[in-house]
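Asks: My questions are about this predicted structure, shown below with the sequence.
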Amino acid sequence: MATAGKVIKCKAAVAWEAGKPLSMEEVEVAPPQAMEVRVKILFTSLCHTDVYFWEAKGQTPMFPRIFGHEAGGIVESVGEGVTELAPGDHVLPVFTGECKECPHCKSAESNMCDLLRINTDRGVMIGDGKSRFSIDGKPIYHFVGTSTFSEYTVMHVGCVAKINPEAPLDKVCVLSCGISTGKLIS
């Protein structure tokens with residue numbers, strides 16, 4: 001792709017502070033680094049978890065931030081060392097990822113990866129401790145390693161699940177949270 005290895009400018013819903021309306025902004029999305037993928041988000045949905053952390057009730061507030069974790073998209077580019085995904089693959093973000101190396105990932109009894117378990121206070125990428133989002137050089141924090149309220153996002157490869165390209169992304173996007181956690185509301 002023509003954008004691989006380059007910074008992409010796109011629209012994202014940015015939360016500048018707790019409880020204040022999200023603001024549509026042009027953000028810069030850096031290319032993926034080692035063991036990361038950049039995904040073009042085609043469909044995303046709102047989960048009560050996004051609302052809870054946007055309200056900043058009962059946790060350490062971290063702003064500015066791009067929320068979102070329930071989505072479907074297509075891999076735009078991959079970082080060094082990524083072999084299981086390629087540009088064009090249809091994917092879902094997974095906020096509780098798998099490194100495939102730690103004792104939990106190798107166990108048949110747990111999916112609570114030591115490296116990629118959900119961490120709402122991280123806000124940056126695991127590899128280098130930096131955000132891949134910025135506005136005018138100012139970093140914008142990630143949310144649970146996914147940040148799908150952006151047209152493009154960067155995720156650790158272990159937080160991305162490849163799916164059948166015939167699966168309708170507008171419908172299966174809820175598999176990345178709502179169905180797997182049993183929190184769908186009719």
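Replies: In hand now; what should we look at? Numbering: from 1, shown residues only.
Asks: remind me which residues of the chain are low pLDDT?
Replies: Residues of the chain that meet the criterion pLDDT under 70 lie in 1, 48, 58, 116-120, 176-186.
Asks: So which residues of it form helices?
Replies: 48-55, 103-106, 169-172, 178-181 (DSSP state H).
Asks: Residue nearest the middle of this structure, spatially speaking?
Replies: T146 (1.1 Å; Cα atoms, centre = their mean).
Asks: Isn't that residue up against A161?
Replies: No. Taking contacts as Cβ atoms under 8 Å, T146 lies outside contact range of A161: 11.5 Å. Heads up, the C-betas are built off the backbone N, CA and C, glycines and all.
Asks: Please, where are all the strands along the protein?
Replies: Applying DSSP state E to the chain gives strands spanning 8-14, 23-29, 36-45, 70-78, 90-93, 133-135, 138-140, 152-156, 160-162.
Asks: hey, which of the ones you listed is tucked in deepest?
Replies: Among the strands of the chain, strand 152-156 has the highest mean neighbour count (mean count of other Cβ atoms under 10 Å), at a mean of 27.
Asks: Contacts for it next, please.
Replies: With Cβ atoms under 8 Å, 6 or more residues apart in numbering as the test, strand 152-156 has contacts from 8, 10, 29-32, 35-41, 66, 68, 73, 76, 93, 97, 116, 125-127, 132, 142, 145-147.
Asks: Then stretch 157-167?
Replies: Against stretch 157-167 from outside (Cβ under 8 Å, 6+ apart): 35-37, 39, 72, 75, 78-79, 81-82, 84-85, 89-95, 97-100, 113, 115-116, 145-146, 172, 176.
Asks: next one: stretch 14-27
Replies: Residues contacting stretch 14-27 (Cβ under 8 Å, 6+ apart): 9-13, 54-56, 61, 63-67, 133-135, 140, 149-150.
Asks: Recalculate using a threshold of 7 Å.
Replies: Residues outside stretch 14-27 that contact it (Cβ atoms under 7 Å, 6 or more residues apart in numbering) are 9-13, 54-56, 61, 63-67, 133-135, 140, 150.
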